[in-house]
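Model the following, please.
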Amino acid sequence: MEYFVKGNDVIVSEPHLDLAETLDCGQAFRWRAVESFYAQTFTGSFLDAPLTVSQMSPGSFIFHSTSEEAFLSLWRDYFDFSTDYGRLKEVFSQDPTLAKACAYAGGIRLLRQDSWECLISFIISQNNNIPRIKGIIDRLCQHYGGKFPTPEQLAGEDPDSLSYLRSGFRAKYICDAARRVASGETDLKAIAESPIDQARAALKEILGVGPKVAECVLLFGMHRTEAFPLDVWMKRVMAEYYPGGFPEFAQQNAGIAQQYLFHYIRTGSPVPEPAV
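Now for the predicted structure:
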């Protein structure tokens with residue numbers, strides 16, 4: 001990644017990034033595509049810091065109205081610009097299926113999200129679709145003045161007071177997670193630093209957090225790249241292409257590899273859609 005400052009903007013060159021593939025693939029839910037002069041433009045936020053970012057052409061981006069300090073302290077890390085995705089894709093491409101997936105959606109990057117926001121987002125994601133997930137999270141943030149609520153704020157809620165979210169059975173899970181994190185019973189920082197199996201077990205102590213949500217929080221909210229979420233699509237991938245197990249050479253970064261496979265199988269592969 002290379003960058004330079006131009007007026008109030010930061011111009012970034014990074015060949016291994018595509019905004020739509022990264023921001024609208026189901027790993028984060030507070031980004032919106034907006035119409036603009038550029039090929040792609042998205043607005044969103046991280047840690048309640050707003051951003052508008054445009055893709056001018058393949059590999060070329062404008063971080064609008066962003067200081068160099070904000071880019072280096074916040075957005076460089078969020079977009080995982082310190083990781084060499086070109087090298088990762090070279091490694092993954094030793095496997096023929098992964099090679100096709102990387103070639104198909106080579107602009108996907110793993111966003112380094114906030115663990116608390118990620119936990120609540122993926123609790124909301126259960127048995128849900130992306131537009132509805134975004135709608136619930138929008139209503140939650142609007143209720144708290146446009147910001148994602150803290151654990152302490154949400155700990156004072158109950159399922160009835162969250163009825164405005166229209167989140168159904170998930171409301172009680174949101175409340176349990178908030179109480180646990182606010183009280184310190186669930187220490188997300190400690191979980192992020194724990195051995196992976198211990199971290200999985202700790203997350204699954206939260207009401208409503210099963211294996212898939214735990215893996216998503218580990219991968220997207222704690223950057224544990226060995227985590228490997230399995231939904232109906234990825235279970236089909238494993239049965240179809242990896243009945244003997246995922247390639248050992250890719251297991252350290254299996255979660256990143258999963259992102260390429262997930263997008264490829266859903267939108268680019270001839271494999272039939274799995275039954276839900």
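
how about the helices in the stretch 151-276 of the chain?
151-155, 170-183, 188-192, 196-203, 211-216, 222, 232-241, 254-267 (DSSP state H, counting those that start in this stretch).

possible to save the ones you listed as a markdown table with mean neighbour count and mean pLDDT?
Where C-beta positions appear, they are placed from N, C-alpha and C, glycine not excepted. Below are the helices of the stretch 151-276 of the chain laid out as a markdown table (neighbours: other Cβ atoms under 10 Å; pLDDT from 0 to 100):
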| stretch | mean neighbour count | mean pLDDT |
| --- | --- | --- |
| helix 151-155 | 17 | 96 |
| helix 170-183 | 20 | 97 |
| helix 188-192 | 16 | 98 |
| helix 196-203 | 16 | 98 |
| helix 211-216 | 20 | 96 |
| helix 222 | 24 | 97 |
| helix 232-241 | 16 | 92 |
| helix 254-267 | 22 | 92 |
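
Which one, of these, ends up nearest to F37?
helix 254-267 (26.6 Å; Cβ to Cβ).

Could I get the pLDDT score of the residue nearest to G210 when sequence neighbours are not counted?
Distance criterion Cβ to Cβ, 6 or more residues apart in numbering; nearest residue to G210, sequence neighbours excluded, is K204 at 6.6 Å. Note on K204: pLDDT of 97.

for the chain, what's the longest strand?
strand 49-57 (DSSP state E).

Can I get that one as PDB, trimmed to CA atoms?
C-alpha atoms of strand 49-57 as PDB (Å, rounded to 0.1, in the frame of the first residue of the first chain):
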ATOM      1  CA  ALA A  49     -15.600   7.800  13.100                       C
ATOM      2  CA  PRO A  50     -17.300   8.500   9.800                       C
ATOM      3  CA  LEU A  51     -15.700   7.900   6.400                       C
ATOM      4  CA  THR A  52     -16.500   8.300   2.800                       C
ATOM      5  CA  VAL A  53     -14.200   6.400   0.500                       C
ATOM      6  CA  SER A  54     -14.200   6.100  -3.300                       C
ATOM      7  CA  GLN A  55     -12.600   3.700  -5.700                       C
ATOM      8  CA  MET A  56     -11.500   5.700  -8.700                       C
ATOM      9  CA  SER A  57     -10.200   2.800 -10.700                       C
END
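
count of neighbours near the residue nearest to G210?
When neighbours are defined as other Cβ atoms under 10 Å, K204 has 14 of them.

Please name the residues that touch it.
Counting by Cβ atoms under 8 Å, 6 or more residues apart in numbering, K204 makes contact with G210, P211, A214.

Please consider this matter closed, and thank you.
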